[in-house]
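Chemist: coords below, sequence missing:
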């Protein structure tokens, strides 16, 4: 394939040229394609000014309330959503009308649902001029949700439709803020008619905001929850319930803290937003480059050092990043070309980056802000939670590093050359000031200060400390980079970007409120739990019935199959949804199923959290892996499968701490902890060697199979299974080289 030239005679980049460097435009294109949370419009003119002012105001509101005290929870959340919903329709472009017509089918489904809700509300309210005006406005609004674009209209540009949506999106939350006393104090328990009208507007605009930022998946889940509440009497068996009217549903979702303004939006408004903003400002001040430099110093000299740098740097950056996809693209732009130049295949390089980037979400101390959601839902102190998360996170990284090491040994690769590894002293002299806000923030969290207060000081110190290079330069020290100083223009851009990156997760969590609201109203979580338990018991009974050896107990098999079914449900529900709302959904619906088997509550939450994160590298919806494949210029599906294989440590660890809760310091005994730790490490080594096909020598097919079986035995807490697994694994790994067969 040949490449063309530009009018100036320059060579046009060939997209299939895998040796070519990754350009910033390609990175931005990949972010737009795979990370819906970052697919922002390029705004200009008055609209850009309005968005900048509103975004900076939203950031300043959160910084001020974090440092000087939150408002009451309803007022705080409504003000937050007023800005979020208003900005979404200006910042994010409309979905393009695809030739295959799928966008039309999708839009008609949503429009039909909106019309049904409007009809039900109209029939429930008494006749009045206000009602007639409301119906007319809603009909126009529903019509605007259809992908009818005027001739020459460009989705990238803000049009009249977007301004109307922005006004309506801001209006339903602003209404609660303005009339707070009238609704929540003077008419508590007896909402006036306008509340039902604004509640319907809230449902429509929340679903539209979710569709625009996240795509249809989560919005479909929201509609499914509402239909479940409406159609209860007509559902079969255990799923049936009394059913609820549209007015009851609207009131439940809109007024109070059980629905849209529930725990999901509360967590975003009080925790997640602050850490997203901190992450943006910290990266602008040079923290991202510092992470890469430190990772290179730590792992660069080892065999396959470029890939190990990817693992370590992605883990560092992922701790403060709320998006595995953004983490993949940000660090992958540097690490993936480095891995390819070192001798790794494009497919393996992309898979390493994707798997490592997803690992940041489970790595303390910040865990991409999901840790704060856990503390809220579990009611345990933050400093206890991050101690609990250490051992599982270590297993994940040990598994990836082992596979990377074995792959590099298999290929005969060396570490990075000395000239490519920065000097620690030089890095420290240049970037020592960046440790101050991070260390202060983590110290405050460990000392049990509120997370938002810790984030407040992290943000303030990031801004203040960014000026240290300027001061040092004035004092004659020229080693520090003054380009990272957060000058007023850069600070405005940082506040704007921080608000923009929090918009999508704000919409997603508002939509998650539908699920939370319907769960409390209908008992959906308990019904899901009962269904999983029943299915697991039925499958276990069947297996025991055909087991002529008597090796399996029905209770043990029921737990195992229950874990498998919940894991599958977590991966499916987590596909294409950000980490934080995914965890909230799974903790509300899937986690209760495991408690029915006697699993400790904290273990159930970690189990669903791990598998929710795993969805980003699980084909066919492996968005982090596909983004990495774009950077590596490799086959997306092959990269996704390899990333899933590299993440097997993350898939096995949840089973380990379910069977041995001592790994989470729950029901802790030293004997169980040490046994689980040692058997787990040997099991991870066995599976890593089996998947790579190499340990001191190439492994043949039957050896890989036995290593996989032995590795799975080592996850058990039964002494016989552990002993059998250890014997199998050690016999294969240390089999004399002279007896080896031909490579598989």
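Modeler: In hand now; what should we look at? The structure displayed is predicted, hence computed values, not measured ones. Numbers count the residues shown, from 1 in each chain.

Chemist: residue contacts, residue 544?
Modeler: Contact partners of residue 544, counting by CB atoms under 8 Å, 6 or more residues apart in numbering, are 552, 553, 554, 557. (C-beta placed from N, C-alpha, C; glycine too.)

Chemist: what's the domain layout of the protein?
Modeler: 44-266, 268-482, 669-744 (automatic domain parsing).

Chemist: Which helix or strand lies directly C-terminal to the lowest-mean-pLDDT helix or strand in the chain?
Modeler: Using mean pLDDT, DSSP states H and E, helix 24-34 stands out as the lowest-scoring helix or strand of the chain, at a mean of 67. Downstream of helix 24-34, the first helix or strand assigned by DSSP states H and E is helix 45-68.

Chemist: Buried residues in that next one, which are they?
Modeler: In terms of neighbour count (16 or more other CB atoms under 10 Å), helix 45-68 has its buried residues at 47, 50-52, 54-56, 58-59, 61-63, 65-66.

Chemist: Same check on stretch 606-622?
Modeler: Of all the residues in stretch 606-622, those buried under the rule 16+ other CB under 10 Å are 606-619, 621-622.

Chemist: wait, what's in contact with residue 619?
Modeler: Residue 619 touches 625, 637, 640, 641, 644, counting by CB under 8 Å, 6+ apart.

Chemist: quick revisit: could you identify the pair within the buried residues of stretch 606-622 that is furthest apart?
Modeler: 606 and 619 (23.9 Å; CB to CB).

Chemist: Tell me where the stretch 101-250 of the chain has helices.
Modeler: 102-124, 129-144, 160-178, 180-181, 193-214, 216-230, 246-254 (DSSP state H, counting those that start in this stretch).

Chemist: Please work out which of those helices is packed deepest.
Modeler: Mean neighbour count (mean count of other CB atoms under 10 Å) peaks for helix 193-214 among the helices of the stretch 101-250 of the chain, with a mean of 24.

Chemist: okay, the angle between the helix or strand hosting residue 514 and helix 246-254?
Modeler: Here residue 514, judged by DSSP H and E, is contained in helix 488-522. Between helix 488-522 and helix 246-254, the angle comes out at 140 degrees (axes from the mean of the first three to the mean of the last three CA atoms, to 10 degrees).

Chemist: Buried residues of helix 488-522, list them for me.
Modeler: Result for helix 488-522 [16+ other CB under 10 Å]: buried residues 490-519, 521-522.

Chemist: Nearest spatial neighbour of residue 233, chain-adjacent residues omitted?
Modeler: Excluding its sequence neighbours, the residue lying closest to residue 233 (CB to CB, 6 or more residues apart in numbering) is residue 243, at 4.5 Å.

Chemist: Then residue 71?
Modeler: Spatial nearest neighbour of residue 71, excluding adjacent residues (CB to CB, 6+ apart): residue 65 at 6.5 Å.

Chemist: Run through the residues that contact that neighbour.
Modeler: 71, 76, 452.

Chemist: how about stretch 440-459: buried residues?
Modeler: Buried positions in stretch 440-459, judged by neighbour count with 16+ other CB under 10 Å: 440-442, 444-445, 450-459.

Chemist: what's the closest of those to residue 470?
Modeler: residue 459 (18.8 Å).

Chemist: Could you check how far that closest one is from residue 203?
Modeler: 34 Å (CB to CB, to the nearest Å).

Chemist: And for residue 245?
Modeler: From residue 245 to residue 203 the distance is 14 Å (CB to CB).

Chemist: Ok, residue 379 next?
Modeler: Distance from residue 379 to residue 203, by CB to CB: 30 Å.

Chemist: didn't residue 621 look like it was pressed against residue 636?
Modeler: No - counting by CB atoms under 8 Å, residue 621 stays clear of residue 636, with 11.1 Å between them.

Chemist: which residues do these two both contact?
Modeler: Here residue 621 and residue 636 have no joint contacts, going by CB under 8 Å, 6+ apart.

Chemist: neighbours around the spatially closest residue to residue 297 that is not a sequence neighbour, how many?
Modeler: The shortest distance from residue 297 to any non-neighbouring residue, by CB to CB, 6+ apart, is to residue 424 (5.4 Å). A count of nearby residues for residue 424, using other CB atoms under 10 Å, gives 12.

Chemist: Check the offset of stretch 669-688 from the chain's centre.
Modeler: 28 Å (CA atoms, centre = their mean, to the nearest Å).

Chemist: For that stretch, which outside residues touch it?
Modeler: With CB under 8 Å, 6+ apart, stretch 669-688 has contacts from 391, 395, 398-399, 402-403, 406, 648-649, 652-653, 656-657, 659-660, 662-663, 707-708, 710-715, 717, 722, 725-726, 729-730, 732-733.

Chemist: on that earlier part again, can you tell me which of the buried residues of helix 45-68 is nearest residue 337?
Modeler: The closest of those, once distances to residue 337 are taken by CB to CB, is residue 55, at 32.9 Å.

Chemist: and that closest one, what does it touch?
Modeler: Contacts of residue 55 (CB under 8 Å, 6+ apart): 87, 495, 496, 498, 499, 500.

Chemist: again, only using 10 Å
Modeler: By CB atoms under 10 Å, 6 or more residues apart in numbering, the contact list for residue 55 reads 83, 87, 90-91, 492-493, 495-500, 502-503.

Chemist: from the residues you listed, which is closest to residue 193?
Modeler: Closest to residue 193, out of all of these and judged by CB to CB, is residue 83, at 26.8 Å.

Chemist: just to revisit the earlier point, from the buried residues of stretch 440-459, which ones fall inside helices?
Modeler: Counting by DSSP state H, the buried residues of stretch 440-459 place 440-442, 444-445, 451-459 in helices.

Chemist: Please determine how far residue 487 is located from residue 49.
Modeler: From residue 487 to residue 49 the distance is 19 Å (CB to CB).

Chemist: try residue 111
Modeler: 33 Å.

Chemist: And stretch 468-484, what's buried?
Modeler: So, applying 16+ other CB under 10 Å, buried residues of stretch 468-484: 468, 469, 472, 480, 482, 484.
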